[in-house]
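Participant: A structural model of the following input is requested.
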Amino acid sequence: MSALAAVLFDMDGTLVDTEVLWWRSAERIARGLGYELTDADAPEVVGRAVEDTAAHLVRVSGGGDPSEVARALTADFFGAVEEGAPMRPGAQRLLTALAAQDVPFALVSASPRVVVDSVVGGSLAHVPFAFTLSADDTTRTKPHPDPYRAAAGRLGLEPGECVAVEDSPDGAASAEAAGCGVLVVPSLLAVPASPKRVFARSLEEATPELLRSCLPARA
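Facilitator: Prediction:
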């Protein structure tokens, strides 16, 4: 089995239970625009960057300025996160196991820096991340491969030496496009199957050994 050089964790819906908070923020902002979110909007909201969700809300509501809507979404979500974002079941056990085996791990999020810093300074303050990467740290965020390529580069590694842990279709697509191994633990949205993706029902099923099995096959 290949050596696991590093693990790159998504944040929202993967390590912390914030996807519901994000959905509720989007609901509130959409309602202010005269639009009620439904399940049909989920692919444009869950796991998406703030700017993408803002553009969607402006499009479906027929009003508003995308920049102002993005600012309102960020402010609303930040306020919710500041009140507390509990860790997902199994997250602490997995992080502890990786630390015990000296496997470095980093946070790779599509959330803005202000939100990432709030969560990392709160619920995840005790977690020894090598670094955190937010949507503000790359020109393009998920579903583009840029965040995971950048994270691997900061560790001095190739993406294929790393495993990404994701919960959303966009996140999984980003990690796969970058060349990482991918462990998918779905939360609010179903994630399409792919030969390059390994699935678990919960982080409670995840172990360092399972993560090693996600590494891309070497030629």
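
Participant: which helix runs longest in this structure?
Facilitator: Taking DSSP state H as the criterion, the chain has its longest helix at helix 66-82.

Participant: who does it touch, helix- and strand-wise?
Facilitator: Using 3 or more C-beta pairs under 8 Å, 6 or more residues apart in numbering; DSSP states H and E, the elements in contact with helix 66-82 are helix 19-32, helix 50-61, helix 113-120. All C-beta spots, glycine's among them, are computed from the backbone N, C-alpha and C.

Participant: would you list the ones you listed in a markdown table and tack on mean neighbour count, distance to Leu211 and mean pLDDT?
Facilitator: Below are these laid out as a markdown table (neighbours: other C-beta atoms under 10 Å; distance: least, C-beta to C-beta, whole Å; pLDDT from 0 to 100):
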| stretch | mean neighbour count | distance to Leu211 | mean pLDDT |
| --- | --- | --- | --- |
| helix 19-32 | 19 | 22 | 93 |
| helix 50-61 | 20 | 28 | 95 |
| helix 113-120 | 20 | 21 | 93 |
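
Participant: out of these, flag the one nearest Met11.
Facilitator: Smallest distance to Met11 across the helices and strands packed on helix 66-82 (C-beta to C-beta): 6.3 Å, for helix 113-120.

Participant: if we can go back for a sec, and after the longest helix of the chain, which helix or strand comes next?
Facilitator: As assigned by DSSP states H and E, the chain's next helix or strand after helix 66-82 is helix 91-100.

Participant: what does the helix or strand Ala151 falls within contact?
Facilitator: Assigned by DSSP H and E, Ala151 belongs to helix 146-154. Residues from elsewhere that reach helix 146-154, judged by C-beta atoms under 8 Å, 6 or more residues apart in numbering: 6, 8, 106, 108, 110, 130-131, 133, 135, 137-141, 158-159, 161-162, 164, 174-175, 177-180.

Participant: in helices, which of those residues fall?
Facilitator: Going by DSSP H, the helices hold 174-175, 177-178 from the contacts of helix 146-154.

Participant: compare the residues you listed and tell me which is most surrounded.
Facilitator: Among these, Ala175 has the most neighbours (other C-beta atoms under 10 Å), with 33 neighbours.

Participant: surely that residue meets Pro169?
Facilitator: No: under the criterion of C-beta atoms under 8 Å, Ala175 is not in contact with Pro169, lying 11.2 Å apart.
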